[in-house]
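J.: using only what follows, build the 3D model:
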Amino acid sequence: MAQLLAIKRRIRAIEGLRKVTRAMELVTHTRIGRVRRGAENARRYHESFARLMKRVALAMDEDPASGEKTGPGGSSAPRHELVIFLSQKGFCGAFNDRLLARVARELPRMGAIGITVVGRLSPKWNSIMRRKPNSLLEAPDKSWQRDTASLAAGWARDIANGSLGRVVFAFNRFVSILEQTPQFVQVWPPEETVGESVSAEAADDPDGISSWPLVEPDAATLFTSLTGPWIEACLARAWWETAAGENCSRLISMKSANENAATILDDLRLRYNKTRQLVITQELAEISSAFNVLNILKQKREQSED
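T.: Presented below is the predicted three-dimensional model:
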């Protein structure tokens with residue numbers, strides 16, 4: 001009987017847990033469409049902005065007068081920043097751990113670099129990274145633009161005065177619902193991460209840079225003024241890609257949890273029925289034995305009376 005009660009308690013616990021995971025799966029499923037569209041739009045905007053930055057950089061190379069206006073240099077060596085984008089909530093499987101493992105492998109090659117985390121620290125952060133982040137910014141879903149605006153403004157200001165030399169983003173690039181790939185993007189200097197698409201376009205353009213719009217007052221001033229918006233575009237892409245990958249990973253995890261819970265419930269119900277059948281059989285055997293004993297006693301009493 002005690003075994004039956006223990007199985008019933010476990011069945012109720014698994015059923016309650018399954019309700020929670022099922023609700024989380026449904027909520028995540030409703031959000032996936034929005035975050036996927038956000039990731040795709042942010043990626044297209046970032047790629048367009050990257051082509052613009054590349055064109056302005058090429059225009060600076062063509063204009064000797066703009067080479068001296070790239071911004072003041074600091075008296076000391078500029079610092080470098082690595083920004084790691086993690087999930088905002090849990091229950092997303094190995095989504096964070098895969099990225100942190102890749103960062104841990106690449107970190108020794110980056111030299112002295114500060115670490116900023118956007119999101120929540122993974123429970124395995126200390127065991128994988130073996131160092132604390134310099135700063136932590138949770139940037140939840142409803143206020144991430146407001147929370148990251150000061151971060152972008154500070155970086156743009158530090159880049160302008162020469163105290164910040166290099167900014168690298170590490171995030172999970174959203175590929176599909178089943179695939180999110182760890183990726184490193186060097187945000188600053190931008191010309192090292194834009195790619196060769198603009199150079200290919202320039203090679204196909206018979207007029208070259210002369211066919212591009214004229215820049216006023218000069219390319220260097222425009223390049224400097226685009227620093228803040230460029231960083232914001234990179235932040236938007238990394239945040240939306242992370243949000244899309246996080247929700248897809250959570251959907252897969254919750255679906256797997258529901259399937260595992262269903263399997264466990266089937267096994268528990270089967271064990272419960274078998275155990276209950278054994279208890280009933282045992283009770284019937286005890287009743288039958290008691291009935292036989294009563295018959296024997298009755299027969300002996302009748303024999304003694306005779």
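J.: could I get the pLDDT score of residue 4?
T.: Per-residue confidence for residue 4 comes out at a pLDDT of 79.
J.: let me see the ranges of the strands in the chain.
T.: Secondary structure of the chain, counting by DSSP state E: strands at 79-85, 114-118, 135-137, 164-176, 179-188.
J.: out of everything not next to it in sequence, what's closest to residue 189?
T.: The spatial neighbour of residue 189 that comes closest, neighbours along the chain excluded (C-beta to C-beta, 6 or more residues apart in numbering), is residue 166 at 7.3 Å. Every C-beta, even on glycine, is put in place using the N, C-alpha and C of the backbone.
J.: ok, residue 110 next?
T.: The shortest distance from residue 110 to any residue that is not its chain neighbour, by C-beta to C-beta, 6+ apart, is 6.5 Å, and that residue is residue 82.
J.: ok, now residue 100?
T.: Beyond its immediate neighbours in the sequence, the residue positioned closest to residue 100 (C-beta to C-beta, 6+ apart) is residue 128, lying 4.5 Å away.
J.: where does the stretch 101-250 of the chain dip in pLDDT?
T.: The stretch 101-250 of the chain contains residues with pLDDT under 70 at 139-141, 191-216.
J.: cutoff 80 now
T.: Scanning the stretch 101-250 of the chain with the threshold set as pLDDT under 80 gives 111-112, 138-151, 190-220, 222-223.
J.: show me where it has helices.
T.: In chain order, the stretch 101-250 of the chain shows helices spanning 125-129, 144-160, 197-204, 219-225, 227-305, with DSSP state H, counting those that start in this stretch as the criterion.
J.: among these, which comes closest to residue 10?
T.: Comparing the helices of the stretch 101-250 of the chain by their distance to residue 10 (C-beta to C-beta), the top pick is helix 227-305, with 6.0 Å.
J.: so what's residue 79 bridging to?
T.: Partner residues in beta bridges with residue 79: residue 164, with DSSP bridges as the criterion.
J.: mind giving me the domain ranges of the chain?
T.: Using automatic domain parsing, the domains assigned to the chain come out as 2-15+257-305, 18-256.
J.: what about the last one, start to end distance?
T.: The one in question is domain 18-256. Across its full length, domain 18-256 reaches 11 Å end to end, with C-alpha to C-alpha, to the nearest Å as the criterion.
J.: distance between that domain and the chain's centre?
T.: When distances are taken as C-alpha atoms, centre = their mean, to the nearest Å, domain 18-256 is centred 14 Å away from the chain's centroid.
J.: now swap in the first one and tell me
T.: What separates the centre of domain 2-15+257-305 from the centre of its chain is 49 Å, taken as C-alpha atoms, centre = their mean.
J.: could you export stretch 281-289 as CSV, CA atoms only?
T.: Once side chains and other backbone atoms are set aside, the C-alpha atoms of stretch 281-289 remain, and they are given as CSV (Å, rounded to 0.1, in the frame of the first residue of the first chain):
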residue,chain,number,x,y,z
THR,A,281,-4.1,-10.5,-5.7
GLN,A,282,-2.4,-10.6,-2.3
GLU,A,283,-5.6,-9.4,-0.6
LEU,A,284,-7.6,-12.0,-2.4
ALA,A,285,-5.1,-14.7,-1.4
GLU,A,286,-5.3,-13.5,2.2
ILE,A,287,-9.1,-13.6,2.1
SER,A,288,-9.1,-17.0,0.6
SER,A,289,-6.6,-18.3,3.2
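J.: skipping adjacent residues, who's closest to residue 22 in space?
T.: Counting by C-beta to C-beta, 6+ apart, the nearest residue to residue 22 once its immediate chain neighbours are dropped is residue 258, at 5.7 Å.
J.: now swap in residue 125 and tell me
T.: Counting by C-beta to C-beta, 6+ apart, the nearest residue to residue 125 once its immediate chain neighbours are dropped is residue 100, at 6.7 Å.
J.: contact partners for the one you found?
T.: Neighbouring residues of residue 100 by C-beta atoms under 8 Å, 6 or more residues apart in numbering: 84, 86, 122, 124-125, 128-129.
J.: hmm, residue 45 is touching residue 237, no?
T.: Yes: applying C-beta atoms under 8 Å, one finds residue 45 in contact with residue 237, separated by 7.4 Å.
J.: neighbour count winner among those two?
T.: residue 237 (27 against 14; other C-beta atoms under 10 Å).
J.: count the neighbours of the residue nearest to residue 189 for me.
T.: Residues near residue 166, counting by other C-beta under 10 Å, number 18.
J.: what about it, distance to residue 151?
T.: Applying C-beta to C-beta, to the nearest Å, the value for residue 166 to residue 151 is 16 Å.
J.: tell me the pLDDT at residue 34?
T.: 86.
J.: pull the number of nearby residues for it.
T.: Burial measure for residue 34: 14 neighbouring residues, criterion other C-beta under 10 Å.
J.: residues touching residue 243, list them.
T.: 35, 38-39, 88, 141.
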